[in-house]
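Q: Next one to model:
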Amino acid sequence: MLKAAFAVTDRKRWLKNAKESPSWDERNELIAQYIPAHSSILDLGAGAQTLRRHAPSARLYVPCDIVRSTPDCIVCDFNRGIYPPADQTYDITICSGVLEYLHEPFDFLERIRAYSKTFILSYQPAIGARAEKMERLAHGFVNDLSREELEAHLQRAGYRCECVAKWQAQLIYRLERG
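A: Numbering: from 1, shown residues only. The predicted model follows:
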């Protein structure tokens, strides 16, 4: 597994993304299709919160990110073990474009089980070539799970998983807590 020099989150990178509509807004539009109407949503790694716009029928939308982009955003840093409180459960938890940046993705998968029974997760699996590992590092990715390794992690963490879509090189999974 790739590891960055320090097990911290690149906060400066995410500060920029919290302010502008990112290129992965199309991914959020696709993910919104898998969110039932009138759901309560916990969006882990919400960034610019474009998912909120694509899920207008949500009865509750709770954004969480390393950067407070709006007053209602819960600040968290998963690499430092700072998570939103688990005092409430949600109909669905979204984790889109987050796992690639986590030093301990399995710990994260176990920890988020408390938030929902249903999850949508996106991940760009590694294909294993050395050049690709360098490209992943250049994008800030800190792990390089293959599809098989990711799915094994998901099963070991107690999820039933189904790959429901693909966006660019990313796979989008619907997870059910077992």
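Q: check contacts around residue 117.
A: By Cβ atoms under 8 Å, 6 or more residues apart in numbering, residue 117 lies in contact with 89, 176, 177. Every C-beta, even on glycine, is put in place using the N, C-alpha and C of the backbone.
Q: so is it in a helix, a strand, or just coil?
A: With DSSP: H, G, I helix; E, B strand; the rest coil as the basis, residue 117 sits in strand.
Q: do the same with residue 47
A: Residue 47, by the three-state scheme (three-state DSSP), is coil.
Q: Might one say that it is in contact with residue 68?
A: No. Using Cβ atoms under 8 Å, residue 47 is not in contact with residue 68, being 11.7 Å away.
Q: Do a quick rundown of the strands in the protein.
A: Under the criterion DSSP state E, strands of the chain are mapped to 40-44, 60-65, 74-75, 90-95, 116-123, 159-167, 170-177.
Q: in this structure, which segments are predicted with low confidence?
A: 1-22, 128-134, 137-138 (pLDDT under 70).
Q: if you set the cut-off to 50 instead, what comes out?
A: Residue ranges of the chain with pLDDT under 50: 1-5, 14.
Q: Report the central residue of the protein.
A: Nearest to the geometric centre of the chain sits residue 95, at 2.6 Å (Cα atoms, centre = their mean).
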